[in-house]
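A.B. asks: Sharing a model prediction with you, sequence too.
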Amino acid sequence: MRRQCGYDQESKAACLKCVKSDPKAQEADAVGIATIIINCVIKESKKVGAKMSKLARYHREAGDDDHKELVALYKKCSKIYSDEAHKDLSRAITLLERGDKDGASFAVNEANAKQTSCYTSFESDYKNSKVFHMIKVYAALVEAALEVIDHLPH
């Protein structure tokens, strides 16, 4: 399992924690492990989206005019993580179950590509925030999922 979770320390740690949290992992084959990890990515994307939505609401209700750009960023990223990434990741699971490794990899990459602007914005301006840490966990799980998918037999 350690080998399947990749080589990058952050991805490996997130992957192992994810897989160990699922009781079905003991009997799962490689596709099952990939599915478990993608489900963890989905859970993490929902958490990130909900956190950003909550932060946008907080700053908007506070009438915080100094943070209008931040509120807009939270709203945009909340939609990406809550809606768009979820759709791509759910599609990846369906494709995996059909045996379409390449399609699943593409769908996971799509979910990852959409969040890149959020990652970049938070990395440069809010590197020490809790939400950036959540984004990093999401990114690590995506990398782990791609690593497992890439090693699936054709």
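C.D. replies: Sure thing, it's come through. Residues are numbered from 1 along each chain as shown.
A.B. asks: Excluding residues flanking it in the chain, which one is nearest Met134?
C.D. replies: For Met134, ignoring the flanking residues on the chain, the nearest one in space by C-beta to C-beta, 6 or more residues apart in numbering is Val48 at 4.8 Å. C-betas here are computed from N, CA, C, even on glycine.
A.B. asks: ok, now Leu16?
C.D. replies: Nearest non-adjacent residue to Leu16, counting by C-beta to C-beta, 6+ apart: Cys5, 5.5 Å away.
A.B. asks: so how far is Ala107 from that neighbour?
C.D. replies: 20 Å (C-beta to C-beta, to the nearest Å).
A.B. asks: just Lys130 next, same as before
C.D. replies: Using C-beta to C-beta, Lys130 is found at 28 Å from Ala107.
A.B. asks: Pick out whichever of those two has more residues nearby.
C.D. replies: It is Ala107, of Lys130 and Ala107, that has more neighbours when counted by other C-beta atoms under 10 Å, with 23 against 10.
A.B. asks: Now for the more buried one: which residues touch it?
C.D. replies: 88-89, 91-92, 95 (C-beta atoms under 8 Å, 6 or more residues apart in numbering).
A.B. asks: are any of those buried, and which?
C.D. replies: 88-89, 91-92, 95 (16 or more other C-beta atoms under 10 Å).
A.B. asks: Now for the closest residue to His154 other than its chain neighbours: which residues touch it?
C.D. replies: Distance criterion C-beta to C-beta, 6+ apart; nearest residue to His154, sequence neighbours excluded, is Lys101 at 6.6 Å. By C-beta under 8 Å, 6+ apart, the residues touching Lys101 are 149, 152, 154.
A.B. asks: The first one reaches Phe106, doesn't it?
C.D. replies: No: between Ile149 and Phe106 no contact is recorded; they are 9.9 Å apart, counting by C-beta atoms under 8 Å.
A.B. asks: out of these two, which sits in the more crowded spot?
C.D. replies: Ile149 (26 against 15).
A.B. asks: And what about the more buried one, helix, strand or coil?
C.D. replies: helix (DSSP: H, G, I helix; E, B strand; the rest coil).
A.B. asks: Distance of it relative to Ala50?
C.D. replies: 26 Å.
A.B. asks: With Pro23 instead?
C.D. replies: With distances taken as C-beta to C-beta, Pro23 is found 25 Å from Ala50.
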